[in-house]
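[1] Sharing a model that was predicted from the sequence below.
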Amino acid sequence: MRILVVEDEHRIASSIKKGLEQERYAIDVAYNGTDGFDLASTEEYDLLILDLMLPGMDGITICQELRKKQIHTPILILTAKGQIQDRVEGLDSGADDYLTKPFSFEELLARIRALLRRPKNSINTILTVADLKLDPKQYVVERGNLPIKLSNKEFSLTEYLMRNANKILTKEQIISHVWDYEANVLPNTVEVNIRNLRRKIDHPFKEFKSLIHTVRGFGYKIGKK
């Protein structure tokens, strides 16, 4: 899952980026409101973590402008302004949740997971497609009750496919949600990772139907044919 952090305090931004990358999220960072808005309005993100007091464009304005553009990316406001009125203003501007500094990283993770569970296609904590199961919280993947060992990037790719089960996803969509903006993605990166997933998810389980499919000229999907 791909997250944009808009935070002008470099120490805090770096800490959040490092912590979330260890949790297998792809993270982009913007250090001012103008850059943050440009990224949030032109790139695809699964979540936006947004400070309120930013140079260039403040967080409230960013929320309002994104919603005016019909961009419904979940927004978690992260700020030192903790008065009730500040919270009300942030939520009324279009944000989905509000976390006051200082905060514990565990609470930040819990709120991120809660926001990412909101879409209709990912209400349940454990994702299931046929006999394949993925637990985003415990980082466990199983098929037929047998564990499957995946790399961090393979896990992220599998999670994104499963959250969009039976939907055809283009290479561009996959790259934008699984890799961060600065990643060195080669032309065949997606093909290589899809091929590795087939070797781990489909090939060892001959008793089950294949789940990962290539749709020629369009992209990839996970699910029954």
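    Received it, and whenever you're ready, just let me know what you need. Numbering: from 1, shown residues only.

[2] Can you point out the helix or strand that includes the nearest residue in space to residue 146 that is not next to it in sequence?
    For residue 146, ignoring the flanking residues on the chain, the nearest one in space by C-beta to C-beta, 6 or more residues apart in numbering is residue 205 at 7.9 Å. Where you see a C-beta, it was placed from the backbone N, CA and C, and this is true even at glycine. Residue 205 is part of no helix or strand when elements are defined by DSSP states H and E.

[3] ok, residue 205 touching residue 144?
    Yes. The criterion here is C-beta atoms under 8 Å, and residue 205 meets it with residue 144 at 6.3 Å.

[4] Common neighbours of those two, please.
    Taking C-beta atoms under 8 Å, 6 or more residues apart in numbering as the contact rule, residue 205 and residue 144 both touch residue 131.

[5] The two: who's more crowded?
    Legend: neighbour count by other C-beta atoms under 10 Å for residue 205 and residue 144, higher for residue 205 (17 against 13).

[6] list the contacts for the more buried one?
    Taking C-beta under 8 Å, 6+ apart, we find residue 205 in contact with 131, 143, 144, 146.

[7] How about residue 147?
    Residue 147 sits next to 140, 141 when contact means C-beta under 8 Å, 6+ apart.

[8] next helix or strand past the helix or strand that contains residue 37?
    Counting by DSSP H and E, the element that carries residue 37 is helix 33-42. Note on helix 33-42: by DSSP H and E, the next helix or strand toward the C-terminus is strand 47-50.

[9] And the contacts of that next one?
    With contact meaning C-beta under 8 Å, 6+ apart, strand 47-50 is reached by 1, 3-7, 16, 36, 40, 59, 62-63, 66, 73-78, 95, 112, 115-116.

[10] again, but for stretch 128-139
    Residues outside stretch 128-139 that contact it (C-beta under 8 Å, 6+ apart) are 24, 113, 116, 125-127, 140-144, 155, 158-159, 162, 165, 201, 205, 208-209, 211, 222-224.

[11] In strands, which of the residues you listed fall?
    Members of the contacts of stretch 128-139 lying in strands (criterion: DSSP state E): 127, 140, 141, 142, 143, 222.

[12] Please list the outside residues in contact with the helix holding residue 37.
    4, 6, 28, 30, 45, 48, 50, 54-59, 61-62, 65-66, 69, 71, 73, 181.

[13] Below-threshold pLDDT in this protein: ranges please.
    81-87, 118-125, 182 (pLDDT under 70).

[14] Report the residue ranges of every domain in the chain.
    Residue ranges for the domains of the chain, per automatic domain parsing: 2-118, 123-222.

[15] Noted, bye for now.
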